[in-house]
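Colleague: What would the 3D arrangement of this be:
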Amino acid sequence: MNGYDRVAVVTGADSGIGKAAAVALAGRGFNVGITFRSDEEGARGTVAEVEAAGRRAAVRRHDLTDPEAASAAVDELADELGGLGVLVNNAGTGSMRPLVDMDYGEWREVLSVDLDGAFLCSRRAARRMIERGQGGRIVNVTSVHEEHPRVGAGPYCAAKGGLKMLARVLALELSQYGITVNTVAPGEIATPMTGQHERPPEADSRPGYPLARPGHAKEVGAAIAFLAGPESSYVTGASLFVDGGLGLMGPQAAGALDSPKWREG
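Modeller: Next comes the predicted model:
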């Protein structure tokens, strides 16, 4: 099944994983709709890279703190680019505060951006794909924390776990229409969200990780492009971990190790 529109919408594509996914999809022949919350310059940079790959790009501001209004960007981008075959729910935010010290507004903001926004964007995309009748792909970018907890990141972990289950329910419900739904679960990636601002990952800088470095956004972008492409036509409801083996160690503990002695058994 590969008849779906060669148009992808990637949320939060102004930097990091979203930008890498947009560029990877352009390299696979997709026109790309790009959303951003505040970094319009970054979004324009992504546009330039998509266009350098010979594909069309369109941009919308997309503030998921008001997810119902923001989700309209999916339809606007699809209309401008002439269809929609792939949605990548990448936009996200986090927090670093113990749950007992967190007020409800902070909790709700993270859930609104990371989970509510993905639901509303997925609903719009799925309706278009069903009406078109040619199938499609939805990819949710979660985290190793869709599975593993982290101190100080309660709403983020709850949202990413919910995003995994959202993908799995949608995978069941949309399968009859030839639409697959999966998640990509990154570990620590060298992006602005982790305070590394697109720096190349430093080799051997994470002694507690099996692959002892952060990941590169392009490595996650390639996994997203795979799940968006025809090669993944028999993959749905799955979580693809792109974490350098971090989940095997337990992310909370692995980040605290300052020695590779665990390798000695």
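
Colleague: wait, is Ala8 part of a strand?
Modeller: Yes - Ala8 sits within a strand when classified using DSSP: H, G, I helix; E, B strand; the rest coil.

Colleague: How about it: what's its closest non-neighbour residue?
Modeller: Val86 (3.8 Å; CB to CB, 6 or more residues apart in numbering). Heads up, the C-betas are built off the backbone N, CA and C, glycines and all.

Colleague: Now do the buried residues in stretch 53-65.
Modeller: Neighbour counts over stretch 53-65 (16 or more other CB atoms under 10 Å) mark Ala53, Arg55, Arg56, Ala57, Ala58, Val59, Arg60, His62, Asp63, Leu64 as buried.

Colleague: Lowest mean pLDDT among the helices and strands of the chain, which one is it?
Modeller: helix 251-254 (a mean of 91; mean pLDDT, DSSP states H and E).

Colleague: out of the buried residues of stretch 53-65, which one sits closest to Ala190?
Modeller: Ala53 (22.2 Å; CB to CB).

Colleague: got the contact list for the closest one?
Modeller: Going by CB atoms under 8 Å, 6 or more residues apart in numbering, Ala53 touches Val23, Ala26, Gly27.

Colleague: Roughly how far does it sit from Glu173?
Modeller: To Glu173, Ala53 is 33 Å away according to CB to CB, to the nearest Å.

Colleague: Residues contacting the helix or strand encompassing Glu41, please?
Modeller: Here Glu41 is covered by helix 40-52, with elements defined by DSSP states H and E. The contact list for helix 40-52 (CB under 8 Å, 6+ apart) reads 13-15, 18-19, 22-23, 26, 31-32, 34-36, 56-57, 59, 61.

Colleague: Run through the stretch 51-200 of the chain and note the low-pLDDT ranges.
Modeller: When residues are selected by pLDDT under 70, those of the stretch 51-200 of the chain lie in 192-199.

Colleague: Can you tell me which of the contacts of Ala53 has the most neighbours?
Modeller: Within the contacts of Ala53, Ala26 tops the neighbour count with 25 neighbours, counted by other CB atoms under 10 Å.
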